[in-house]
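Undergrad: structure, please.
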Amino acid sequence: MNKATIALIFLSLCACENMPSPVKKEDSKIVYIYDKESVTQRKTKSSQEVTILQVMDQGEMHHPEYYTHRYYQPFYPIKIETYKNDVADFQSFIAQHGYHSGYHPLIGIVTESQEDVVNVLELLTRIQMNIQNPQLANLMTEEVLTKVLAYRNLQVGQKVPIPFVTPSSQIKLALYQVNHRFDLAAGMPAFGLVPTSKEAPPILLFRGTDFSLKGSASVLADLDISGPGLTVFHSAQEEIHNWLYDVSQIYGKARIMGYSLGGSFVEYTCIYEYDLVSQDFPSIAFNEPGITEDLIERWKNLSHEKRPPLKGYITEGDLVSTVGKLIGDVYELSLDHLLEPLLAHVTVMSLQQRLYTYQLDVTLKYELDYSVYKE
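TA: You can find the predicted model right below:
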């Protein structure tokens, strides 16, 4: 793809910046389970509702391994949200660019091609064009940014269209520009993105673990005995602080986003640089490892007014998020079937045809809810 073609795509993307979201009925549903007794008594009435509901009603019916893979209890009442989408472009992207794709994997895998950047930017634009549900649009955007875009070779000055949800629940396409590329350690990058419109916040986007030969520094960072990536974070903290401060003076405070090891950097930034992190838009971590007890105490000691909003999304079956203890508002994502650990870690869940989410109580680690089992 030549530069003229890429430029043409960017112009078309920019033209979509203020395009209204489509008038399209979104398949979504919310089910509440109010207490442990109703979990065991409730029966699924429709064959269309089989899956996570059966798992929670009758642990042995769907995949009996479920509760051996659940490391945190859900909050009661359990608010199970079901999202469905039948957008063929999303299924095509997963088939072509999924982690185990035999064609051209992009998820969680570093590539240098600018054509790959354009492919992801097109995907982000399709989210704004095809998704009407604000919660699902947010989730898709955040997961694509952290699991796919963060692994591309983004250059300073590059334009990036990113969907965002306004306070009035409109889904718009904001045009961002990469204004800083961090070198955290031995070539481990992070990207500072600033919006052209003040409606949207700046974004600090961390890359997760890179398993390629060039990514050995990130693998070593995962094994840091003080906490995944903590030494790397402290070595780069001054540069991170300076960028957060500078953009806060012009664009407002930034959201922090990352996946896997990048999710650890999100947690550390929210703890150590809390006063420069957005209070209006939540920071986001996907499939993040937890943190150590001393950092948990540091987080707890922040007043609610100072503590920045932080959302974590972990996948059912992923073992990475069982390391340490998680912080913030954490939600579990699951499909109709249980994923094995590696696939659970590298799957873009929100692009799947059916997705279930509910919030976890991160104060109750390793306390399994055996009341779901029949006697």
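Undergrad: when you work out contacts or count neighbours from here on, use the C-alpha atoms and nothing else.
TA: Noted.
Undergrad: stretch 192-202: how far from the chain's middle?
TA: 19 Å (Cα atoms, centre = their mean, to the nearest Å).
Undergrad: nope, stretch 334-352 is what I was after
TA: Centroid separation between stretch 334-352 and its chain, computed with Cα atoms, centre = their mean, is 13 Å.
Undergrad: residues touching that stretch, excluding its own?
TA: 51-52, 63, 66, 84-85, 90-91, 94, 98-99, 107-108, 136, 139-140, 143-144, 147, 287, 315-320, 333, 354-357 (Cα atoms under 8 Å, 6 or more residues apart in numbering).
Undergrad: same question, stretch 184-204
TA: If you take Cα under 8 Å, 6+ apart as the criterion, stretch 184-204 is touched by 150, 154, 164, 166, 174-183, 205-207, 215, 217-218, 232-233, 235-236, 243, 247, 251-257, 278, 281.
Undergrad: try stretch 258-266
TA: By Cα under 8 Å, 6+ apart, stretch 258-266 touches 146-147, 205-209, 218, 222, 228-230, 233, 256-257, 283-291, 320.
Undergrad: so for that stretch, what's the average pLDDT?
TA: In this model, stretch 258-266 carries a mean pLDDT of 96.
Undergrad: work out the gap between it and the centre of the chain.
TA: On Cα atoms, centre = their mean, the centre of stretch 258-266 falls 9 Å from that of its chain.
Undergrad: and for stretch 285-293?
TA: 12 Å.
Undergrad: and if you look at stretch 116-136?
TA: Relative to the mean C-alpha coordinate of its chain, stretch 116-136 is positioned 14 Å out (Cα atoms, centre = their mean).
Undergrad: same thing with stretch 265-274?
TA: Centroid separation for stretch 265-274 versus its chain: 16 Å, with Cα atoms, centre = their mean.
Undergrad: and stretch 139-156, which residues are buried?
TA: For stretch 139-156, the buried set under the neighbour-count rule, 16 or more other Cα atoms under 10 Å, comprises 139-152, 154.
Undergrad: count of neighbours near the nearest residue to residue 228 once chain neighbours are set aside?
TA: Among residues not flanking residue 228 along the chain, residue 222 sits closest, at 4.5 Å (Cα to Cα, 6 or more residues apart in numbering). By the criterion of other Cα atoms under 10 Å, residue 222 has 20 neighbours.
Undergrad: and for the one 3 residues further on?
TA: Applying other Cα under 10 Å, we find 10 residues neighbouring residue 225.
Undergrad: ok, residue 227 - contacts?
TA: Neighbouring residues of residue 227 by Cα under 8 Å, 6+ apart: 291-292.
Undergrad: what do you get for residue 278?
TA: Applying Cα under 8 Å, 6+ apart to residue 278 gives the contacts 201, 252-255, 308-309.
Undergrad: got a pLDDT number for it?
TA: Here the pLDDT value assigned to residue 278 is 98.
Undergrad: again, but for residue 3
TA: pLDDT recorded at residue 3 is 45.
Undergrad: so how far is residue 265 from residue 235?
TA: 12 Å (Cα to Cα, to the nearest Å).
Undergrad: higher neighbour count, those two?
TA: Between residue 235 and residue 265, counted using other Cα under 10 Å, residue 265 has the larger neighbour count: 29 against 12.
Undergrad: check which helix or strand covers that one.
TA: With secondary structure defined by DSSP states H and E, residue 265 is part of helix 261-272.
Undergrad: may I have that helix as CSV, with CA atoms only?
TA: Extracted in CSV, the C-alpha atoms of helix 261-272 (Å, rounded to 0.1, in the frame of the first residue of the first chain):
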residue,chain,number,x,y,z
LEU,A,261,2.3,-6.2,31.3
GLY,A,262,0.9,-2.9,30.0
GLY,A,263,-2.0,-3.4,32.4
SER,A,264,0.6,-3.5,35.3
PHE,A,265,2.0,-0.2,34.1
VAL,A,266,-1.6,1.2,34.2
GLU,A,267,-1.9,0.1,37.8
TYR,A,268,1.5,1.6,38.8
THR,A,269,0.7,4.9,37.0
CYS,A,270,-2.7,5.2,38.8
ILE,A,271,-0.9,4.6,42.1
TYR,A,272,2.2,6.7,41.8
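Undergrad: helix, strand, or coil at residue 358?
TA: Put simply, residue 358 is strand when judged by DSSP: H, G, I helix; E, B strand; the rest coil.
Undergrad: okay, now the unreliable bits of the stretch 151-300 of the chain?
TA: For the stretch 151-300 of the chain, the stretches with pLDDT under 70 are 211-219.
Undergrad: what sits against the closest residue to residue 128 other than its chain neighbours?
TA: Spatially, and ignoring its direct neighbours in sequence, residue 128 is nearest to residue 163 (5.7 Å; Cα to Cα, 6+ apart). Each residue near residue 163 by Cα under 8 Å, 6+ apart is listed here: 124-125, 127-128, 137-138, 141, 171-174.
Undergrad: all strands of the chain, in order?
TA: With DSSP state E as the criterion, the chain has strands at 27-33, 72-74, 78-84, 159-165, 171-185, 188-195, 203-206, 255-259, 283-286, 310-315, 329-334, 354-365.
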